[in-house]
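# this one's structure only:
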């Protein structure tokens, strides 16, 4: 059989209904890692579904326990030849809260429901659908080659990504020899748009910044005390305005990334951010001046206010509150100095007249990416182009956060992410879904990539 046969076979899994039946079975596992009562379900997903599925593909598997007692990990390995290339793949079996009762038409989040081009269900986009696509593509190539892949493959599946992958680095470093590979190839996050295949090389980092103004206990009558008591909400709003302005532009130099390189500008030159009709429209005059929308999203830092609180917004009293608090998030690219970010913000606020604000940095995700000069970048992009007839968007990094640094920095692997969802997939919200059109294309893309790996006499 040929490459075209393998690609067609992968796409046929969708048309036959086999892929959706498999995905429905996986979505039915209520693997909410943020729910402490789901520990046994997380384990069952690996033991009852993925282990048998990998065994059918010729993989050997074993469960790895979490060092901190969180959800377990699954390590699967297929070994064919010591001289053939070896790839490491990744996925996560956990999902966010199902949000039962909040979905359109009262859809059950724990079953897949197809409506037109959409397949609804918790985990369809993040990440059960995506690692299921990759496993189906492996099966198609193995069948097309008469029971062989032509390369060696390893898969690690975690069950704690939605709680920050708390043990992933420790587990991977303890399995360094077992996870040795020539290439890391995985799928998570959305592609640039539904109609454009995408390859991204890493991810932006993220840090939550907690700001707390605690002036006094309780609230005090605004008529009796207005004008003589400091208002923590006013102080907090004014302080935030010294960090980021009313157009989302960073005002503190230490929060900005290094200057954009010509290489990154060139890579993003043909990347257009064009929301679909059911996605939010881009804001006019928002974000760093002099940058394109793609450069702001994929190559720059942003400081977002995630939440603010003072008083009771539902039942406001005629009183000056005693406390105000906010949670901000800095999304940052590689090269940004963030080790002492809380000190930087604290010093800035104090110098601008806000020494009373307490600053704390939490929930850190590292920024990381593979260098554009890696030969795997052009190889992966060309394989995708050959399968789809489209030039994929090649992004320096995903706009959000993923544990890419575990694989790029800790394990030292070139990292290629080929996502199979799209920006409007309602990930982490009610109505999460994948698109049948994207899924069919993704099955073909991955089958083409796996076929091409099997054609390599040795790794790049």
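Structure's in. What do you need? As the structure is a prediction and not an experimental result, all values here were calculated from the model.
# Wait, residue 349 touches residue 358, no?
No: counting by CB atoms under 8 Å, residue 349 stays clear of residue 358, with 9.8 Å between them. (Each C-beta comes from the backbone N, C-alpha and C, glycine too.)
# Would you mind telling me which of the two has the busier surroundings?
residue 349 (22 against 13; other CB atoms under 10 Å).
# looking at this, that one is in a helix?
Yes: membership of residue 349 in a helix is supported by DSSP: H, G, I helix; E, B strand; the rest coil.
# Could you measure from it over to residue 246?
As judged by CB to CB, to the nearest Å, residue 349 and residue 246 stand 18 Å apart.
# Check residue 48 too.
In terms of CB to CB, residue 48 sits 52 Å off from residue 246.
# what does residue 156 give?
Applying CB to CB, the value for residue 156 to residue 246 is 44 Å.
# More neighbours: which of those two?
Comparing residue 156 with residue 246 by other CB under 10 Å, the one with more neighbours is residue 156, at 24 against 8.
# That one: which element?
Using DSSP states H and E, residue 156 sits in strand 152-158.
# do the same with residue 238
Per DSSP H and E: helix 232-240 holds residue 238.
# List the buried residues for the helix or strand that that helix is followed by?
Note on helix 232-240: by DSSP H and E, the next helix or strand toward the C-terminus is helix 262-267. Within helix 262-267, the residues scored as buried using 16 or more other CB atoms under 10 Å are 264, 267.
# cool, and stretch 195-204?
So, applying 16+ other CB under 10 Å, buried residues of stretch 195-204: 196-204.
# Using TSV, please lay out the residues you listed together with secondary structure and distance to residue 31.
Formatted as TSV, the buried residues of stretch 195-204 follow (DSSP: H, G, I helix; E, B strand; the rest coil; distance: CB to CB, whole Å):
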residue	secondary structure	distance to residue 31
196	strand	30
197	coil	28
198	strand	26
199	strand	28
200	strand	25
201	coil	28
202	strand	26
203	strand	22
204	coil	26
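# so which of those comes closest to residue 419?
Lowest distance from residue 419 to these (CB to CB) belongs to residue 198, with 5.8 Å.
# list the contacts for the closest residue to the closest one other than its chain neighbours?
Distance criterion CB to CB, 6 or more residues apart in numbering; nearest residue to residue 198, sequence neighbours excluded, is residue 191 at 3.7 Å. Each residue near residue 191 by CB atoms under 8 Å, 6 or more residues apart in numbering is listed here: 197-198, 393, 419-422, 438.
# Next: residue 114.
20, 120, 436.
# Tell me the spacing between it and residue 259.
Using CB to CB, residue 114 is found at 47 Å from residue 259.
# same check, this time on residue 185
From residue 185 to residue 259 the distance is 31 Å (CB to CB).
# again, but for residue 142
Distance from residue 142 to residue 259, counting by CB to CB: 47 Å.
# Can you pick out the residue with more neighbours from those two?
Taking other CB under 10 Å, residue 142 and residue 259 do not tie; residue 142 has more neighbours (21 against 8).
# Chain neighbours aside, what residue packs nearest to the more buried one?
Using CB to CB, 6+ apart and skipping residues adjacent in sequence, the residue nearest residue 142 is residue 149, 5.5 Å away.
# So that neighbour is in contact with residue 140, correct?
No: with contact defined as CB under 8 Å, residue 149 does not count as touching residue 140 (10.6 Å).
# quick revisit: what's around the residue nearest to residue 142, how many residues?
Neighbours of residue 149 under the rule other CB under 10 Å: 23.
# try residue 387
Applying other CB under 10 Å, we find 24 residues neighbouring residue 387.
# next one: the helix or strand where it lies to chain centre, how far?
Applying DSSP H and E as the criterion places residue 387 in helix 375-388. A distance of 22 Å separates the centroid of the chain from that of helix 375-388, by CA atoms, centre = their mean, to the nearest Å.
# switch to numbering from 43
Sure, I'll start numbering at 43, so the last one becomes helix 417-430.
# how about that helix: buried residues?
Under 16+ other CB under 10 Å, the buried positions of helix 417-430 are 418-419, 421-423, 425-426, 429-430.
# can you check stretch 381-400 too?
So, applying 16+ other CB under 10 Å, buried residues of stretch 381-400: 383-384, 386-388, 390-391, 396, 398-399.
# same check, this time on stretch 427-447
Here stretch 427-447 shows 429-430, 434-441, 443-447 as buried, counting by 16+ other CB under 10 Å.
# since we're on the closest residue to residue 43 other than its chain neighbours, how many residues are nearby?
Excluding the flanking residues, the one nearest residue 43 by CB to CB, 6+ apart is residue 186, at 4.3 Å. Under the neighbour criterion other CB under 10 Å, residue 186 is assigned a count of 24.
# ditto for residue 460
By the measure other CB under 10 Å, the count of residues near residue 460 is 25.
# Spit out the contact partners of it.
Neighbour list for residue 460: 227-229, 239-241, 422, 426, 484, 487-488, 491 [criterion: CB under 8 Å, 6+ apart].
# what about stretch 375-386, how long is it end to end?
Counting by CA to CA, to the nearest Å, you get 17 Å between the two ends of stretch 375-386.
# so which of the buried residues of stretch 427-447 would you say is closest to residue 292?
residue 441 (16.1 Å).
# Would you confirm that the closest one contacts residue 342?
No: applying CB under 8 Å as the test, residue 441 and residue 342 come out as separate, 10.1 Å apart.
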